[in-house]
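**Student:** Below is the sequence, then the predicted model.
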Number of protein chains: 4
Amino acid sequence: MTDLQTVVREIAAEMAARHDRGAVANYIPELARVDAGSFGMVVIDAEGKVHAAGDADTPFSIQSISKVFTLTLALGMVGDRLWRRVGREPSGNPFNSIVQLERECGVPRNPFINAGAIAVTDLILSGHQPREALGEILRFLQFLARDQTIYVDRAVAESEKRTGFRNIALANYMKSFSVIDNPVDFTLGVYFHHCAIAMSCRQLATAGRYLAHAGRNPDSGLSVVSPERARRINALMLTCGHYDGSGEFAYRVGLPGKSGVGGGILAVAPGKASIAVWSPGLDANGNSHLGRVALEMLAKRMGWSIFGTDDA
Amino acid sequence: MTDLQTVVREIAAEMAARHDRGAVANYIPELARVDAGSFGMVVIDAEGKVHAAGDADTPFSIQSISKVFTLTLALGMVGDRLWRRVGREPSGNPFNSIVQLERECGVPRNPFINAGAIAVTDLILSGHQPREALGEILRFLQFLARDQTIYVDRAVAESEKRTGFRNIALANYMKSFSVIDNPVDFTLGVYFHHCAIAMSCRQLATAGRYLAHAGRNPDSGLSVVSPERARRINALMLTCGHYDGSGEFAYRVGLPGKSGVGGGILAVAPGKASIAVWSPGLDANGNSHLGRVALEMLAKRMGWSIFGTDDA
Amino acid sequence: MTDLQTVVREIAAEMAARHDRGAVANYIPELARVDAGSFGMVVIDAEGKVHAAGDADTPFSIQSISKVFTLTLALGMVGDRLWRRVGREPSGNPFNSIVQLERECGVPRNPFINAGAIAVTDLILSGHQPREALGEILRFLQFLARDQTIYVDRAVAESEKRTGFRNIALANYMKSFSVIDNPVDFTLGVYFHHCAIAMSCRQLATAGRYLAHAGRNPDSGLSVVSPERARRINALMLTCGHYDGSGEFAYRVGLPGKSGVGGGILAVAPGKASIAVWSPGLDANGNSHLGRVALEMLAKRMGWSIFGTDDA
Amino acid sequence: MTDLQTVVREIAAEMAARHDRGAVANYIPELARVDAGSFGMVVIDAEGKVHAAGDADTPFSIQSISKVFTLTLALGMVGDRLWRRVGREPSGNPFNSIVQLERECGVPRNPFINAGAIAVTDLILSGHQPREALGEILRFLQFLARDQTIYVDRAVAESEKRTGFRNIALANYMKSFSVIDNPVDFTLGVYFHHCAIAMSCRQLATAGRYLAHAGRNPDSGLSVVSPERARRINALMLTCGHYDGSGEFAYRVGLPGKSGVGGGILAVAPGKASIAVWSPGLDANGNSHLGRVALEMLAKRMGWSIFGTDDA
């Protein structure tokens, strides 16, 4: 049997040595400041054993990975009513495209492109104060990760607010179609802040365990979502989790996952493991380059692809 | 333990009773003539046991399901060079859209939209006579299904040739970008004919077994493709197999699959089963309505979703 | 010889009797409140003789007609540098489309679609306070119309500000491409206010005289723009002045013109007359229905089409 | 008063000396073979006086300029019924774009983009043999130009047929929406051949005189179209005659005109002159570069812009 800890350590060593690291996101100074040479990886297996390597405890900006958790939270609050506001299809467009919104009357294609995640955030906000909604999202992540130290990086949030003209455009565009209920500033305030949550690979892999295990945290036994909903969130991550690189990720890695421009990826091997990897350099689609490479190696060596194994 | 034969029989019975059957494709008379009340289902498990129900032995026009087999064949012939001609991303557009081709210089987004499948057919043709290329595709299917009686329905092929203006447009458009090598008439001739291959659910489920079992036919033990390639074809079916309903299929069914406008769907439960289902009525995206419903029930009752089970 | 005053009176009488009046814009309550039965028309000939009929002195919201004057003003301020920010081609899209902006990196196709006019307003603002910029625009119109009573309808401006999500989206989208220099709120504040300027047909026709007469006001002899610039603004009105109905207007009327959703149209018969017409009901493209019909009759009866006369 | 013959000669001399000549179309060898240094210009005034300079009698491939004459012919045959098949709006897209056709159900935006001209050709064909339809078009041009020597360059036509995949795509795409009645091969055969008609500037300027003079040939007095129809064709040339450079041409030149990738431009100064200019080098939009420059100089020096003169 393949030893998981050895595999994780070997992958991290190989990743540390590679020179093709992609380009660190530089659209806001706070993200650009991160060390491009960082690499962290944490795999938590079904028994709860944690296999860590590299910068496993350095917090990074989770950015779009937060969309998995806000989707989970919103589904818990409004149920399948959510799907009146957001679709479930891959977009065939970059993450911040506005073209599709015009063609489809302001309804974003899925909850993992920016427009869709903003619409989901709007549902969570739902008449409350931004501060309360953000508190709820943050507490949800602290609960999932079993770690009260998880925080919002205010400098990142402020910076996104100052420069996020594309997202402001998306939100106002949806508002013109009544897909956004709350004042645009409120919704975007919460959105920018939950994207600015900082977490380490260890915290992220812990938080993602319910997706790998039928909607329950295997340690506490507490149910986060129903098994069916966990499967469905995984399906959405598989088809839409990496923007216009989702097909490529499914093809190469074969695991549901969600990436963020901070360089993190949360991936799920159903029934087997929750995985977080972090390397700040991005590929052309805005996904962590070495993060994807590391997950491809892990899935291959462990035989974890959801699309089949090497033996019958 | 759930008894598969019982499940298959119950699903078929329930499907027979349903009134929401979608609309039979009517763009060519030959397809429109089929009985809208037909329903067939065949599941072949890992041990090779065949579980059949309904019209399991009635041949129907496999249409776009043929794209899975031409992709397999073309990958065997030209390897990953194929991906210079076709992408691997979901399209976010209807199956016969030409918009994306203009934006992306004639390179289709994936091998399962019409444009992509035409480009794949062109690679198989590769300088040979249309008759030879078609013969090769047909023999490949007869070999996979272990059944020499599989045939091309010439009436369907001729009819598509006479009315397939959209496909002629797609092929010529790609030709203008040199994505098609052979004379357009040759390539389309082969394409229209392999889409017009007629197969029963039993034949189709048999032919698809290599995708469920690491690229090998478990009966003969013969390897069709490598395990990795089988996984990758499954990944493409999951993300792109149902046109602009691919996300929905992944969300509801959770199995790699490929549909055709003849009402058939080939689905794969990796390591567990090869599945063929047929019901001629289509939904708005051009996928078999009851076929999808039946697969959703099957996956749920058997716990076959690739995105997780009901227990840990 | 055709008597202009008779023609104007007859057209107004015919328009008053017609029942096909289009639909009054209702996206803001202030515009919806106007009397759908209103019709006004003023033609000022080369000698300065004013031919008026109907509600010639009722002020209405000039809306997009203001774009002709802000373009004139901005060209005076920054010259041809303006064309780095805005194109000169018809858009082939509705007036508030955002699709084109994505394809062309935030540069609007022409100064008469909303995005283009917002970019022009941003150039006028150019570091000043919104109040000053708006004052300048208003004074420019008062000067052209020789009438100090022209005013901004604050209720209309406020209402547009509250509901103009699409325009806020357009402005932020351009800002993300650095096509907008000033704070988006400032630029839009000025934009919403200059669109809310209220003028009567008499004032509008007077203000437009420089376009009909080589850039000069024939009464005062004062030059507003060079003859070449006047021709070029006329050319832009001809090709882009009526959104996605510009071709139709050129085809039917054959005069440069600019419409607004308030139901007004300013048209120019070069060397012959400045014309303003007002009827609040709009056609499907957002242009005054009877306004266009009246201008078609006028151009035909007077032989004013720029595309040729009835005699050699 | 400005002497027209002097102006024409001076412009031709200046054009001969210029080094910025654009790039000769090379998509078919027959067009690429032409001498890039050629320049010809012919202006025929209202009195029928011919002012020629440069290569005024060298035949060149008129290409898209033929669309003006096929539109005239088709309007004569089917009247305004033509507008059910083709729109009248600028396209906002390159001449061979297929995107718009998908969005607007196969109806081309105007008769001067390729798709629109193919649809017009299909109306002329209307059940006849391609040979007859082409004969009719050729005879119409010979009649207008009063010159029986005008011919179809078969080598150019054959070459376009062999390489015109984009046009074949457009035609089949429209056929899928039933916008084309005849067999696609027939319609395209006629289209490719009328685009391959060869004419000199002298012949072209003569043929265009009816557009400048109320629909009549001033020499023969014969009416070709009604004055209103002549104006309307001029309006279409102004808004749509130069593909995605139509706005620019209107802005700079201020005359209705139609260009072809052979480097020719036919322009009309209503009531004053019919103008043909030829220089094979094209700009980025596919319009003759020096042809446009020469027309800009001519319109400016003669005060012929339809958008106004230098004096009141």
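**Tutor:** Nice, I can see it. Numbers count the residues shown, from 1 in each chain, chains lettered A, B, ... in the order given.

**Student:** which stretches of the stretch 201-312 of chain A have low pLDDT?
**Tutor:** A:312 (pLDDT under 70).

**Student:** residues in the stretch 151-300 of chain A within reach of chain C, list them.
**Tutor:** Counting by Cβ under 8 Å from any Cβ of the partner chain, the stretch 151-300 of chain A comes close to chain C at A:Phe165, A:Arg166, A:Ile168, A:Ala169, A:Leu170, A:Ala171, A:Asn172, A:Tyr173, A:Lys175, A:Ser176, A:Val184. Using the backbone N, CA and C atoms, a C-beta is placed for each residue, glycine as well.

**Student:** For the host helix or strand of the fourth one, list every residue counted as buried.
**Tutor:** Translated: A:Ala169. Using DSSP states H and E, A:Ala169 sits within helix A:165-176. Neighbour-count burial for helix A:165-176, counted by 16 or more other Cβ atoms under 10 Å in any protein chain shown, picks out A:Phe165, A:Arg166, A:Asn167, A:Ile168, A:Ala169, A:Leu170, A:Ala171, A:Asn172, A:Tyr173, A:Met174, A:Lys175, A:Ser176.

**Student:** The closest residue to chain C within the stretch 201-312 of chain A: neighbour count?
**Tutor:** Closest to chain C within the stretch 201-312 of chain A is A:Asp244: 13.8 Å, counting by Cβ to the nearest Cβ. For A:Asp244, the neighbour count with other Cβ atoms under 10 Å in any protein chain shown is 23.

**Student:** And for A:Thr2?
**Tutor:** With other Cβ under 10 Å as criterion, A:Thr2 counts 8.

**Student:** same thing with the one 5 residues further on?
**Tutor:** By other Cβ under 10 Å, 18 other residues sit near A:Val7.

**Student:** show me the contacts for it.
**Tutor:** Neighbour list for A:Val7: A:Leu298, A:Arg301, A:Met302 [criterion: Cβ atoms under 8 Å, 6 or more residues apart in numbering or on different chains].

**Student:** The last one and A:Leu4 touch, don't they?
**Tutor:** Yes: under the criterion of Cβ atoms under 8 Å, A:Met302 lies in contact with A:Leu4, with a separation of 6.8 Å.

**Student:** quick one: contacts for A:Ser97?
**Tutor:** Counting by Cβ under 8 Å, 6+ apart, A:Ser97 makes contact with A:Ser91, A:Ile113, C:Glu102.

**Student:** Pull up the gap between the first one and B:Asn110, please.
**Tutor:** Put plainly, it is A:Ser91. For A:Ser91, the distance to B:Asn110 equals 14 Å [Cβ to Cβ, to the nearest Å].

**Student:** Overlap in contacts, the two.
**Tutor:** B:Pro90.

**Student:** Check what contacts stretch A:290-298 and list those residues.
**Tutor:** Residues from elsewhere that reach stretch A:290-298, judged by Cβ under 8 Å, 6+ apart: A:7-8, A:11-12, A:14-15, A:18, A:20-22, A:39, A:41, A:43, A:242, A:249, A:252-253, A:255, A:257, A:259, A:263-265, A:267, A:275, A:277-279, A:281, A:283, A:304.

**Student:** Which of those residues fall in strands?
**Tutor:** When DSSP state E is applied, those are split such that A:Met41, A:Val43, A:Gly257, A:Ser259, A:Gly264, A:Ile265, A:Ala267, A:Ile275, A:Val277, A:Trp278, A:Gly281 fall in strands.

**Student:** I'd like to know which of the residues you listed are buried.
**Tutor:** A:Met41, A:Val43, A:Gly257, A:Ser259, A:Gly264, A:Ile265, A:Ala267, A:Ile275, A:Val277, A:Trp278, A:Gly281.

**Student:** in chain A, which residue is closest to the centre?
**Tutor:** Among the residues of chain A, the one closest to the centroid is A:Ile65, at 1.8 Å (Cα atoms, centre = their mean).

**Student:** Helix, strand or coil: sort out that one for me.
**Tutor:** helix (DSSP: H, G, I helix; E, B strand; the rest coil).

**Student:** cool, and A:Ala294?
**Tutor:** Following three-state DSSP, A:Ala294 is assigned to helix.

**Student:** What distance do you get for A:Ile65 to A:Ala74?
**Tutor:** 15 Å.

**Student:** wait, A:Pro277 sits on A:Ser288?
**Tutor:** Small correction: residue A:277 is Val, not Pro. Yes: when contacts are counted by Cβ under 8 Å, A:Val277 is listed as touching A:Ser288 (7.1 Å).
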